[in-house]
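>>> pasting the sequence and the predicted model now:
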Amino acid sequence: MNDTDYIPIASLNQYAYCAHRCWRMFCLGEFADNQYTIEGTSLHDRVHTLGEGHREETWQVRAIWLKSERYGLIGKADLIEETDGRLYPVEYKRGKRGEFDNDELQVCAQALCLEEMTGKSISQGYIYYAQSHQRQLVEISAALREQAIATITAVTTLLQTGKMPPAVYSKRCSGCSLHRACLPQAVAKVSRYKEAI
């Protein structure tokens with residue numbers, strides 16, 4: 001396998017948020033900025049200053065590349081910490097605590113990579129929400145691992161086949177930077193119109 005055969009860890013987050021968005025981003029190469037993506041990019045630009053050090057009893061390393069041969073994953077971790085011999089990933093997000101589980105999947109995928117790279121079991125990770133300045137604990141449970149592995153399989157299939165998932169309208173669409181590209185409400189109206197004919 002070379003690096004082009006690996007799937008980006010971030011694609012799991014996008015797929016869980018919206019499979020159609022993931023297809024547009026990773027199969028078509030489409031991307032558009034909006035307020036949320038600009039804020040997220042700005043946050044990650046600050047966080048991704050390569051370096052390591054200690055904060056009290058916690059060792060920290062920022063902007064480190066993670067890779068898993070087993071799962072075919074690659075991506076950059078915002079922060080990896082070690083306390084009392086236990087490693088855990090910390091993913092930075094721009095808003096408040098998320099309503100959806102896509103951020104947890106990204107942390108779990110980072111944990112899977114870390115386990116393979118270090119040989120250590122990873123039982124937890126965190127999501128740091130910049131707007132609330134709080135961390136959310138992510139338990140790397142068996143159920144979350146299964147969900148992450150199923151999502152890895154789904155994304156791999158999506159990238160290999162390039163088959164477009166349907167654009168499905170939900171409340172997530174209002175914050176999506178690609179909303180104008182897929183117009184999920186228009187797709188639904190056209191479908192209803194075709195059924196009525």
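Perfect, I can see it now.

>>> need the contact partners of stretch 131-144.
The contact list for stretch 131-144 (C-beta atoms under 8 Å, 6 or more residues apart in numbering) reads 90, 94-97, 103-105, 107-108, 111, 122-129. Just so you know, the C-beta spots here come from the backbone N, C-alpha and C atoms, and that holds for glycine as well.

>>> in helices only, show me the residues you listed.
Mapping those onto helices (DSSP state H) picks out 103, 104, 105, 107, 108, 111.

>>> these two touch, right, the last one and residue 86?
No. The criterion here is C-beta atoms under 8 Å, and residue 111 misses it with residue 86 at 11.5 Å.

>>> of these two, who's got more company?
Counted by other C-beta atoms under 10 Å, residue 111 and residue 86 do not tie: residue 111 has more neighbours, with 25 against 12.

>>> list phi and psi for residue 69.
phi -70, psi -40 (degrees, to the nearest 10).

>>> against residue 129, how distant is it?
32 Å (C-beta to C-beta, to the nearest Å).

>>> of these two, who's got more company?
More crowded of residue 69 and residue 129, by other C-beta under 10 Å: residue 129, with 19 against 11.

>>> confirm for me that the more buried one is in contact with residue 95.
Yes. Under the criterion of C-beta under 8 Å, residue 129 makes contact with residue 95 at 6.0 Å.

>>> where do the contact lists of the two overlap?
Common neighbours of residue 129 and residue 95, counting by C-beta under 8 Å, 6+ apart, are absent.

>>> in stretch 16-34, which residues are buried?
By neighbour count with 16 or more other C-beta atoms under 10 Å, stretch 16-34 contains the buried residues 16, 17, 18, 19, 20, 21, 22, 23, 24, 25, 26, 27.

>>> got a list of what the last one touches?
By C-beta under 8 Å, 6+ apart, the residues touching residue 27 are 158, 159, 162, 164.

>>> may I see the PyMOL selection of the buried members of the contacts of stretch 131-144?
Here is the PyMOL command that selects the buried residues among the contacts of stretch 131-144 (16+ other C-beta under 10 Å):
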select buried, resi 90+94+95+103+104+105+107+108+111+122+125+126+127+128+129
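
>>> ok so, going back, Serialize the buried residues of stretch 16-34 to a markdown table and add fields for distance to residue 6 and pLDDT.
Converted to a markdown table, the buried residues of stretch 16-34 look like this (distance: C-beta to C-beta, whole Å; pLDDT from 0 to 100):
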| residue | distance to residue 6 | pLDDT |
| --- | --- | --- |
| 16 | 18 | 94 |
| 17 | 20 | 91 |
| 18 | 22 | 91 |
| 19 | 19 | 93 |
| 20 | 22 | 91 |
| 21 | 20 | 87 |
| 22 | 15 | 92 |
| 23 | 18 | 92 |
| 24 | 20 | 90 |
| 25 | 16 | 89 |
| 26 | 12 | 92 |
| 27 | 15 | 92 |
